[in-house]
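Build me a model from this:
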Amino acid sequence: MAETVYITSNNTAVFRCPQCQRSKTLDVSTFGEFKPPLRFKLTCPCGHVASAVLEVRKRYRKGAHLPGTYVHYVNGQPRGKGTMTVKDLSTNGMKLVLAASSTIAPGDLLKIEFRLDDAQRSLIQKKVVVRNIGDNFVGTEFAATETLDKALGFYLRS
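Residues are numbered from 1 along each chain as shown. Just a heads-up that it's a prediction; the model follows:
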């Protein structure tokens, strides 16, 4: 399995050997222009060969498959509701797959509700703003009024 390595704000990435835990920091600005994610193999001085994926994201994203529901708002008015699946989570947003997303546009507000798959089955209710729409997903960011609750914070750490 490939290790995901995140680029820091000063254009460096730290690669760690899963075998011996030796690490090396590289200046990724020397890689030139590339479209993330960049996949490659690394050979450690200990001889271990590992796969790595270089990501540009600012925050860690945790993969998920969590069913839930949403209500779609436009200009403060409800426009529809439906079912969704949370595909990944971070401290500032999430990727959703909606059953019917044809009328949703960037800038729209969604009120979402789902349960984490943690031991407490924690209920998460958030307002998110649609930032981008892909072929089969919706990228969202938590609304400015939302805070990261404890259950979600602990979930992202586990």
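
host element of residue 95?
Assigning secondary structure by DSSP states H and E places residue 95 in strand 93-98.

Pull the distance from that strand to the chain's centre.
From the chain centre to the centre of strand 93-98 is a distance of 9 Å (CA atoms, centre = their mean, to the nearest Å).

Quick one: list the elements packing against the helix or strand of the chain with the lowest mean pLDDT.
The least trusted helix or strand in the chain, going by mean pLDDT, DSSP states H and E, turns out to be strand 3-6, with a mean of 73. On a contact count with 3 or more CB pairs under 8 Å, 6 or more residues apart in numbering; DSSP states H and E, strand 3-6 meets strand 12-16, strand 49-55. Yep, even glycine has a C-beta here, placed from its N, CA and C like the rest.

any idea how far the most centrally placed residue in the chain lies from residue 71?
Taking CA atoms, centre = their mean, the centroid of the chain lies closest to residue 61, which sits 3.3 Å from it. Look at residue 61 and residue 71: by CB to CB, to the nearest Å, they are 24 Å apart.

Quick one: residues in contact with the strand holding residue 95.
61, 70, 82-88, 104, 110, 112, 128, 131, 136-142 (CB atoms under 8 Å, 6 or more residues apart in numbering).
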